[in-house]
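>>> predicted model, plus sequence, below.
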Amino acid sequence: MEPETSLDIAALTVRMARGEETSFHEFHARYFNRLLRYLLVVARGREEIAREALQLTFVRVARHVRRFESEIVFWNWLTVLARSSLADESRKRGRYQNLLARFFHFKTADPDPNHIDSEVRFAELLEAELTELPSEDRELLEQKYFERQLVRALAEERRMTEKALESHLLRIRRKLKAAVLEKLRNETND
């Protein structure tokens, strides 16, 4: 059954990448409920945030879809987009709630607003750089640091030694750090 499913996914994603409207209807019918359930679990039952993240996920799919050879790889890509969308939505809501709290004086303002601004800017730049990573590297970071999967399990999944995986993670982190620091330096020099 897997080869037929793979052919279906390959054909569907090719049509989606071409922008064929009927393929997006088919994608929506196949994955709407599954992605919503996934997001509800990840969002710990917060339905409103899960639904907003789902809509953002669909927008990202429309923008970035490409051919996928297997349903497993396609689903993994969708879950990365969904988690990223959920994180964006949660961050947006958090900023909005903080703004409201400050506006209505429910929360005292931080004594050093520059510190808050720099942390927010750093988080924004980090997130932007994460989206620029190859999907395999981004997925690995999410599995290791957000899902807290063990290095041993990740290494086995990728048929690598633990040491090789840890070295790969170190290179990804260094690359991210250098890119974010470079953007911060450029902003400071402007």
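Nice, thanks for sending it over. Numbers count the residues shown, from 1 in each chain.
>>> show the contacting residues for the residue nearest to the spatial centre of the chain.
Geometric centre of the chain, nearest residue: S84, 2.4 Å, by CA atoms, centre = their mean. By CB atoms under 8 Å, 6 or more residues apart in numbering, S84 lies in contact with 60, 130-131. Bear in mind the C-beta positions are built from the backbone N, C-alpha and C, glycine included.
>>> just the closest of these to R91, please.
Nearest to R91 among these: L130, at 12.6 Å, using CB to CB.
>>> tell me the secondary structure for T13?
helix (DSSP: H, G, I helix; E, B strand; the rest coil).
>>> if we can go back for a sec, the residue nearest to the centre of the chain and L141: what is the separation?
Computed as CB to CB, to the nearest Å, the S84 to L141 distance reads 11 Å.
>>> could you do R152 as well?
With distances taken as CB to CB, R152 is found 17 Å from L141.
>>> what residues does R15 make contact with?
Listed by CB under 8 Å, 6+ apart, the contact partners of R15 are 22-23.
>>> mind redoing it with 10 Å?
21-24, 26-27, 65, 67 (CB atoms under 10 Å, 6 or more residues apart in numbering).
>>> now do A153
By CB under 10 Å, 6+ apart, the contact set of A153 is 143-144, 162, 165.
>>> give me the buried positions along the helix or strand where it lies.
Using DSSP states H and E, the element containing A153 is helix 151-157. Residues of helix 151-157 classed as buried: 154-155 (neighbour count, 16 or more other CB atoms under 10 Å).
>>> just how off-centre is whichever helix or strand comes after it within its chain?
Sequence order places helix 162-189 as the next helix or strand after helix 151-157, per DSSP H and E. Centre-to-centre, helix 162-189 and its host chain are 18 Å apart (CA atoms, centre = their mean, to the nearest Å).
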